[in-house]
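> Any chance you could fold what I've pasted below:
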Amino acid sequence: MAIRSNDLHTDMHYLNSMLTTHEAAKQLDLSYWHFMHLVEAGRITGIRVVDRWLFSPDALREYRRNKFGELEDLARAALNHPRIDLTKKQATICRYLITNERPSEIARKLQQSRQAVHSQITLIREKVARSKAEPRATGMSRKTAHTKNPSLSLSSPIA
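Residues are numbered from 1 along each chain as shown. Presented below is the predicted three-dimensional model:
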């Protein structure tokens, strides 16, 4: 989106909250070149003023939510579900994910490799999926299972 010089004076208060390309890239913890690639691909929206790009904090939050929102939701589900037995490291990773930390940032803070953090996230994802599947799988009580199939009865003699 381009702003003409006559519009610039009326929108000055809006532009004050905008971030430059370098500031926005730093906020998202991306290299300048990768950030510009995302802008050119249309994945991050900004305003072009003369020969400069400006980015609203809302546009950066939207990009982060689109990119990492699933992980934040996964982390919330894992921490809030009482049946999910998270390890101490997994709980720490979940807390970082909820505070909008990227997996690479988490790896640095925990002094772990990115692969190790991604492996833990995969385990968390599996635990959450299992906890969501459990109520459906255990919908039939043991008593019901025994009456429907007498061979499962504990009192049946084994031949």
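
> Give me the residues contacting the helix or strand Leu38 falls within.
In the assignment (DSSP states H and E), Leu38 maps to helix 32-40. Outside of helix 32-40, the residues within contact range by Cβ atoms under 8 Å, 6 or more residues apart in numbering are 21-22, 24-25, 28, 30, 44, 46, 53, 63. From N, CA and C alone the C-beta is placed, and that goes for glycine too.

> Quick check: the farthest pair among those?
His22 and Tyr63 (16.1 Å; Cβ to Cβ).

> need the helices for this protein, in chain order.
Here the chain has its helices, by DSSP state H, at 5-8, 12-16, 21-27, 32-40, 57-80, 88-98, 103-110, 114-137, 142-148.

> Can you lay out the ones you listed as TSV showing mean neighbour count and mean pLDDT?
Below are the helices of the chain laid out as TSV (neighbours: other Cβ atoms under 10 Å; pLDDT from 0 to 100):
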stretch	mean neighbour count	mean pLDDT
helix 5-8	9	60
helix 12-16	10	61
helix 21-27	16	93
helix 32-40	14	94
helix 57-80	16	89
helix 88-98	18	92
helix 103-110	16	90
helix 114-137	14	85
helix 142-148	11	47
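
> Quick check: nearest residue in space to the residue nearest the centre of the chain, chain neighbours excluded?
With distances taken as Cα atoms, centre = their mean, Leu71 lies nearest the centre of the chain, 2.4 Å away. Distances taken as Cβ to Cβ, 6 or more residues apart in numbering place Leu97 nearest to Leu71, at 5.0 Å, with adjacent residues excluded.

> cool, Lys109 as well?
Tyr96 (6.9 Å).

> Then Phe68?
Arg102 (6.6 Å).

> pLDDT score for the one you found?
We have a pLDDT of 82 for Arg102.

> hang on, it packs against Gln27?
No. In terms of Cβ atoms under 8 Å, Arg102 does not count as a neighbour of Gln27; the distance is 11.5 Å.

> Ser56 and Gly46, how far apart?
Note on Ser56: its distance to Gly46, by Cβ to Cβ, to the nearest Å, is 8 Å.

> Please name the residues that touch the residue nearest to Thr45 when sequence neighbours are not counted.
Nearest-residue entry for Thr45: Ala59, 4.8 Å, with adjacent residues in sequence omitted and distances by Cβ to Cβ, 6+ apart. Neighbour list for Ala59: 44-46 [criterion: Cβ under 8 Å, 6+ apart].
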